[in-house]
Every structure is written in C-alpha cells, then in structure tokens.
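Undergrad: Return atomic coordinates for the entry below.
(chains A and B)
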Amino acid sequence: MQLFPKIPLADWVDSIVDMLTDNLEPLFDGITTGIDWFVEGIVSILAFPPAIVLIAIFTILAWWSSRWPVAIFTFLGLMLIDNLGYWDPTLDTLALVLTSVIISIILGVPLGIWASQSDRFRGIVTPILDFMQTMPAFVYLIPAILFFGIGMVPGIIASVIFAMPPTIRLTNLGIRQVPEDLIEASNAFGSTTKQKLIKIQLPLATPTIMAGINQSIMLSLSMVVIASLVGAPGLGADVYRAVTQIKVGIGFEAGLAIVILAIMLDRISQNIGNTKK
Amino acid sequence: MEKAKITVKDVTKVFGKSPKQAVKLLGQGKSKSEILKETGMTVGVNRASFDVYPGEIFVIMGLSGSGKSTLVRLLNRLIEPTSGQVLIDDEDIVRMKPEQLREVRRKKLSMVFQRFALFPHRTVLENTEYGLEVQNIGKENRAKKAQESLELVGLKGYENSFPSELSGGMQQRVGLARALANDPDVLLMDEAFSALDPLIRKDMQDELLELQESMEKTIVFITHDLDEALRIGDRIALMKDGSIVQIGSPEEIMTNPANDYVERFVEDVDLSKVLTASHVMKRAETLRADRGPRVALQLMKDKGLSSLYIVDKKQKLLGAITADDAAKAIDSKKEITDILITDLHTVTPDTLLTDMFVKMAESSLPLPVIDKADKFKGIIVRGAVIGALAGNETESTKAEVN
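TA: Numbering: from 1, shown residues only, chains lettered A, B, ... in the order given. Below you'll find the model as predicted:
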C-alpha cells in the first residue's frame, strides 16, 4: 500500500535516452567514428613493430622514469605475456586504456582548472563527479550501447565516465593547494590570471595532477572486464570468456596479464609525476 | 612641504558580511571590539590616514592583530579597501580598473614578503625575473636586469640555485632582488626580516639601509619589532586595533609617547639605541688656531674650562688643548699648534649613544661632535648622556643645541 503512486523514474530515463538517440544520432555517430579511428590508430601503431621492440621501448621508458627494478619487472612481465600468447589482446587493452586516459586528460584537466577558478562551477561539478564515480559502472553500459553501438567505443565511453573524476578533482585540488603567499606574490607583481595559472599554479600543481592521471589510468584498467561486456576486445574479453566457460587456468592467465599491465602503467605514470620536481 | 609619494586617506577595511554598515558604526565612534560583538564583523584597519614622502623609510609598527599586514596590502590592493583612498603619485588606486592596477603593480610597487614567497619551481634568476617576465620583457633584457639586481643584494653566483637550496637570509635577499628588479618607486616590505634569526636580521637591516643610501626608494616597512622600527625608520606609525595611534620620528615616539599604549610599548626600549649625539650635544667654546696660548688660557679661565677645542677659519676641527699645556706653552714661548692634541675620538650628530660609550671611556676630554665636512658642532659631556638615558631631558640641552 503506497501513499503516493510510484514515481515513473525508469520511464522518464528511458524516454530521455530515446529522445537523445533520435535527435542526436549524427553527433553520436561522429563521436563513434572519431574514437574508433583513434583507437584503431593506436592499435596499429602498437602492433606495427614486432613484440620485442615494443617490449624494449617500454623497458627503456620504465628505466628512464623510475629505477631499474621497475624496468626489469616491465621486461619480464611483458615477455611473459607474449610467451603466454596474450600479446594481441594486451595491445587492444592498452589502446583502450590509453584512449580513455587521453580523453580523460583532454576533458578533465581543463574542467579541473575551471573548477579551481570558480567556486560556483566547483559547486556544480562536485555532485556530478560523485554521481559518476558511485553509480555502478554496469549501468553506463546500457545507454552507451544505445548511443554508440557495440564494440570498443561504448567500452571507452564507460571507462572515461568512470575514470575521469580523479583527474578533475586532483587538478582542482592541486591548483587550490598552491600556497596563498605565492599567489599573493604573483598578484603583487602584476600577473594576469592567465600568467598566474601558467607560470605559477599549473607547474606547482603538476605532481597532484599527475597523481590524478595515475588514478584515472588505474580506474580505466579496472574497467576493461566490464567494457568487454559490450564487446570491447582485449584481455577483458578473455577474462569474461573464461568466466562464462568456467576455465580457471585461462582466466588466471588473462587476469595476470592485466595485473602486469596495471603495475607497469602505475609505476611509470607515478614516477613521471615525481621526477619533475 | 615636500609632495607625498603615497597618501592614505581614511582607509578602512572590514572583514564580514556587510562591511559598509560597520564603516557607519565606526563613524559613530564604536570600537573594534564593540563592532565584533554586535555584528560579528572584524575591523582590520580603522580609518588610517598618513603620507609617505619620496625616499623615506616609513615603518608601520604594531603587535600581531593590529592590522599592519592588512594595511600594507591595502596599499597595493591585494586586499580590497572597504572605504577610503590610496593615492600613489596622486592617482587613486582604489578606483583603478584591473588593467591600470596591474600596470601600477608592475611598474611602481613591489612587495617583499615575510615568508619570502619565492616560487619553489623556479631558479633564483627565474624568481628575480618574474616581475619583468609578466611585463613580457625580452629574455635577454630581463636576465640582465635580474642579474644586476642579484648583484646588488650580493647573490652573484647563485643564479641557477633553487630557493630550497638557500638559507633563510639568502632567500630573503632573492625576495629583495625580485622586488628591485623592475625598479619600482615604492617597496612594500611586509615583516620582511621577521622570519630571520636576530643576527641575520641585523645584517639585513644594515644592508637595506646601505642600499637605500644609493637607491632612495620610498619604503613602507611593516614590523612588530620596535628595535627594528627604531633602527631603520625615518618615521614610524604605531598601530593598535586597526587604528594608527601615533606617527613620528623614532625620537619623537620615544621621548614623547602620544598615549599610555605607546608609552607602555616603548618603556622597555634601550634609549641608547635611539637617542643620537645631536640629542645630548652641548655647545662648546672654540678658538681659532692663529690665536696665541695666552688668549686660550684667558678664555678657559673666564669660562671655567680645563680644555678648549681649536678650529680653523671654516670652523673645521683641528684638535684640542688643555689648560696645563697652554700655561707651559706660554713659559716656553710655543704656539697653539705645537701643543695641539690631534688624535681625538670624534662622533657625528647621528651617532647613537650606544656607539659612543667606548670612545667616551677611552678619552679624557669630552667627545667633539663634527659633521660630514669635519665642521665642529659641539661636544658630548658625560652628565648629559647619563641624564638622557635616565629619561629626563634637560631644558638647557635643548636651548643650547642649534
């Protein structure tokens, strides 16, 4: 016995999504084509050299940004992935993660800067970020399929929604944490807002912003299995298949490859943020 | 009267929800604490008015919470005044548009901060260049000016260090160099030396005074340290609860406190570090060197003196003679120049009492006071020094000097 009739929230959301699909189809098609093209580009670049060359490149990158233990781990880890036969799905996953993170940075850093400059915008954006991060990621997949079809693109969109908030939050935080007396000094010498931002605030916020980007990388990696539910190829798809067929061994192998990728990307991105001091 | 560089008229800053209303209450004569109680608003600065003249060091002194740091930030509008005017070269910066204000900050006003506020990601040179960089001055040009400014503060060779690699004193030199690099008319120094330890602080004060000799900037210096204020200030404004209580020269503040508050503030101060030779100097008899010893002896007898200062035609001090020597000279038919004592300790009118104690102890004669051109001005006798330190001003001193 209900005092009020049930609010038809689900119907409303359905009709909004229907309306969006009907009216904004050209836009969604455009986005789909664009992202598809971008991901294909990354995959073909990654797949162009033989595996061993790419492994060497990553090892050098790890050695340059961190110390040699990370480089050794990267080398052995990637060799293992290649040996187990997961090289191609690893490249797909890497492309998915890189694309999501690049989109997160392109959108997230400017939004974070905006939030740091305007208390009103921060007030609007904070609850939206809370919503994006706490809504179960599976739920994004449903409209993502409707808007962007099946495959890599809806997976990337869902990853971006889930992974972008830390970049926005930490960009805002990093800029706001620049000590007040440095801001005063910058103002006292007659800086414009833009000069202050570029010469003082952003350089000092860089370590914090990099921490946000690192979080975005890790979160988008955590989305690879979920993304595979809508047809995104990669290690996630292997894990998903292993689950549906109850193949423990294969599930473990694919899962291990994800872990290796995660640790490698985490260490490299973390240390790039710290070496610039 | 000389034209003021900075004129502050009735400047008020209230922090709170409806500051204009608090300004009204201040006008009705309510105090800072009454307003806080009634409205919850904090009065930072209460109707401050003063002039700062070109080339002077104007010290604003007060304890923490007295509003002095707020006041200095009203001068370059880092804090927006609630009411009042701040005129710099007759231009009211309170009414300026952002672009005009930026121009003034870039060209006329520079600031030195208590905690240095150096940019940690920039080298010493890049820090010093900052004020020029935001004016879009070319790279070579600004490096050259920054370099000169660093040399001025004695930091040559540290251009490529980072602030974190320098000691506190050196960091503040960078702060000073950064402020000087764009050659401003006015330097605002907000407790610039307060974070330094006492010895370094004194060095920095000396260096600032030395730099000021050649730069002749207009300096507004904020401090909570009375000794510092007395040392470097040409004039001092004392603040309490956001209001200026007294403005005057160090000597005026010390010898003639405007009210109980100022008096309590200054009572523990070592007077010998404030009063100068001109304050205790007495007029003294002199004699030209071309007169004979007989005249000298007669003069000393008439005035009851045991010694006499000898000058040339231009009142330049040559030395002193004693009555005993004069008497012997008459017997042996010598001239005054033969018995002249020339290795005298001397002081200048602005020598502090504290700096003349050793000289007084070492010489048997009163200390002669001479100006920069060696002209004889007067003498220091021990009684007058002790009297001044005891705080009682002898009327005769005042009358005789000048």
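Undergrad: pLDDT weak spots in the chain?
TA: Going with chain A. In the predicted model, chain A carries pLDDT under 70 at residues A:1-2, A:273-277.
Undergrad: my bad, chain B
TA: Residues of chain B meeting the criterion pLDDT under 70: B:1, B:391-402.
Undergrad: Who are the packing partners of the lengthiest helix in it?
TA: Criterion DSSP state H: the longest helix present in chain B is helix B:198-215. For helix B:198-215, the packing partners by 3 or more CB pairs under 8 Å, 6 or more residues apart in numbering or on different chains; DSSP states H and E come out as helix B:168-181, helix B:226-232. For every residue, glycine as well, the C-beta is placed using N, CA and C.
Undergrad: Out of those, which is the most enclosed?
TA: For the helices and strands packed on helix B:198-215, the largest average neighbour count (mean count of other CB atoms under 10 Å in any protein chain shown) is found in helix B:168-181, namely a mean of 24.
Undergrad: when you compare where that one runs with where helix B:198-215 runs, what's the angle?
TA: 20 degrees (axes from the mean of the first three to the mean of the last three CA atoms, to 10 degrees).
Undergrad: Counting by contacts, list what helix B:168-181 packs against.
TA: Here helix B:168-181 touches strand B:109-112, helix B:124-133, helix B:139-152, helix B:198-215, going by 3+ CB pairs under 8 Å, 6+ apart.
Undergrad: Go through the last one and flag the buried ones.
TA: It refers to helix B:198-215. B:200, B:201, B:204, B:205, B:207, B:208, B:211, B:212 (16 or more other CB atoms under 10 Å in any protein chain shown).
Undergrad: Quick check: residue B:242 touching residue B:35?
TA: No: Residue B:242 is beyond contact range of residue B:35, at 10.1 Å (criterion: CB atoms under 8 Å).
Undergrad: higher neighbour count, those two?
TA: For residue B:242 versus residue B:35, neighbours defined as other CB atoms under 10 Å in any protein chain shown are more numerous around residue B:242 (25 against 21).
Undergrad: And the more buried one, how close does it get to residue A:88?
TA: Here the criterion is CB to CB, to the nearest Å. By it, residue B:242 lies 73 Å from residue A:88.
Undergrad: related to what we said a few turns ago, tell me the first helix or strand C-terminal of the longest helix of chain B.
TA: For helix B:198-215, the following helix or strand on the C-terminal side (DSSP states H and E) is strand B:218-223.
Undergrad: Just the C-alpha atoms of that next one, please, in PDB.
TA: C-alpha atoms of strand B:218-223 as PDB (Å, rounded to 0.1, in the frame of the first residue of the first chain):
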ATOM      1  CA  THR B 218      60.200  55.000  -0.900                       C
ATOM      2  CA  ILE B 219      59.900  52.200   1.500                       C
ATOM      3  CA  VAL B 220      56.900  51.100   3.600                       C
ATOM      4  CA  PHE B 221      58.200  48.700   6.100                       C
ATOM      5  CA  ILE B 222      56.000  46.600   8.400                       C
ATOM      6  CA  THR B 223      57.300  45.200  11.600                       C
END
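Undergrad: Please enumerate residues in contact with it?
TA: Residues outside strand B:218-223 that contact it (CB atoms under 8 Å, 6 or more residues apart in numbering or on different chains) are B:5-6, B:52-61, B:68-69, B:71-72, B:75, B:185-194, B:208, B:212, B:229, B:232-233.
Undergrad: what about residue 195, which helix or strand?
TA: I'll assume chain A. Assessed by DSSP H and E, residue A:195 sits inside helix A:193-195.
Undergrad: what's the offset of that helix from the middle of its chain?
TA: Distance, stretch centre to chain centre, for helix A:193-195: 29 Å (CA atoms, centre = their mean, to the nearest Å).
Undergrad: do stretch A:122-130 as well
TA: Distance, stretch centre to chain centre, for stretch A:122-130: 18 Å (CA atoms, centre = their mean).
Undergrad: Kindly report the same for stretch A:163-175.
TA: For stretch A:163-175 - counting by CA atoms, centre = their mean - the centre lies 12 Å from the chain centre.
Undergrad: Correct me if wrong: residue A:271 contacts residue A:64.
TA: No: using CB under 8 Å, residue A:271 makes no contact with residue A:64, being 9.1 Å away.
Undergrad: can you tell me how far the one residue sitting closest to the centre of chain B sits from residue A:258?
TA: Residue closest to the mean C-alpha point of chain B, counted by CA atoms, centre = their mean, is residue B:233 at 2.2 Å. Counting by CB to CB, the gap from residue B:233 to residue A:258 is 69 Å.
Undergrad: Residue A:250 now?
TA: Counting by CB to CB, the separation of residue A:250 from residue A:258 is 13 Å.
Undergrad: circling back to that earlier point, need the contact list for the residue nearest to the centre of chain B.
TA: By CB under 8 Å, 6+ apart, the contact set of residue B:233 is B:57, B:58, B:59, B:61, B:221, B:249, B:250.
Undergrad: The closest residue to residue B:16 other than its chain neighbours: what's it in contact with?
TA: Once flanking residues are discounted, residue B:16 sits nearest to residue B:41: 2.8 Å by CB to CB, 6 or more residues apart in numbering or on different chains. For residue B:41, the contact set (CB under 8 Å, 6+ apart) comprises B:14, B:15, B:16, B:17, B:18, B:19, B:21, B:22, B:35.
Undergrad: rerun at 6 Å
TA: B:14, B:16, B:22, B:35 (CB atoms under 6 Å, 6 or more residues apart in numbering or on different chains).
Undergrad: Just the closest of those residues to residue A:244, please.
TA: Ranked by distance to residue A:244 (CB to CB), these are led by residue B:16 at 65.0 Å.
Undergrad: That closest one: how many residues sit nearby?
TA: Using other CB under 10 Å, the number of residues around residue B:16 comes to 16.
Undergrad: Roughly how far does it sit from residue B:81?
TA: 14 Å.
Undergrad: go on, residue B:355?
TA: With distances taken as CB to CB, residue B:355 is found 41 Å from residue B:81.
Undergrad: So between the two, which is more surrounded?
TA: Comparing residue B:355 with residue B:81 by neighbour count (other CB under 10 Å), the higher total belongs to residue B:81, at 25 against 15.
Undergrad: ok, the more buried one touching residue B:8?
TA: No: if you go by CB atoms under 6 Å, residue B:81 and residue B:8 don't touch, sitting 9.5 Å apart.
Undergrad: and the end-to-end length of stretch B:307-320?
TA: Across stretch B:307-320, the terminal residues are separated by 7 Å (CA to CA, to the nearest Å).
Undergrad: Show me what that stretch is in contact with.
TA: With contact meaning CB under 6 Å, 6+ apart, stretch B:307-320 is reached by B:286-287, B:289, B:296, B:300, B:321-322, B:340-342, B:365, B:368, B:370, B:374-376.
Undergrad: Chain A contacts on the stretch 1-150 of chain B?
TA: Within the stretch 1-150 of chain B, the positions adjacent to chain A are B:76, B:78, B:102, B:105-106, B:111, B:113, B:115, B:117, B:121, B:130-131, B:134 by CB under 6 Å from any CB of the partner chain.
Undergrad: Most neighbours among the residues you listed, which one?
TA: Result: residue B:131 is most packed of the residues of the stretch 1-150 of chain B next to chain A (other CB under 10 Å), 31 neighbours.
Undergrad: What distance do you get for that one to residue B:217?
TA: According to CB to CB, residue B:131 and residue B:217 sit 14 Å apart.
Undergrad: would you list the residues of the stretch 1-150 of chain B next to chain A in JSON lines and tack on distance to residue B:314?
TA: Shown next, in JSON lines, are the residues of the stretch 1-150 of chain B next to chain A (distance: CB to CB, whole Å):
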{"residue": "B:76", "distance to residue B:314": "48"}
{"residue": "B:78", "distance to residue B:314": "53"}
{"residue": "B:102", "distance to residue B:314": "54"}
{"residue": "B:105", "distance to residue B:314": "50"}
{"residue": "B:106", "distance to residue B:314": "49"}
{"residue": "B:111", "distance to residue B:314": "47"}
{"residue": "B:113", "distance to residue B:314": "49"}
{"residue": "B:115", "distance to residue B:314": "53"}
{"residue": "B:117", "distance to residue B:314": "52"}
{"residue": "B:121", "distance to residue B:314": "61"}
{"residue": "B:130", "distance to residue B:314": "52"}
{"residue": "B:131", "distance to residue B:314": "48"}
{"residue": "B:134", "distance to residue B:314": "54"}
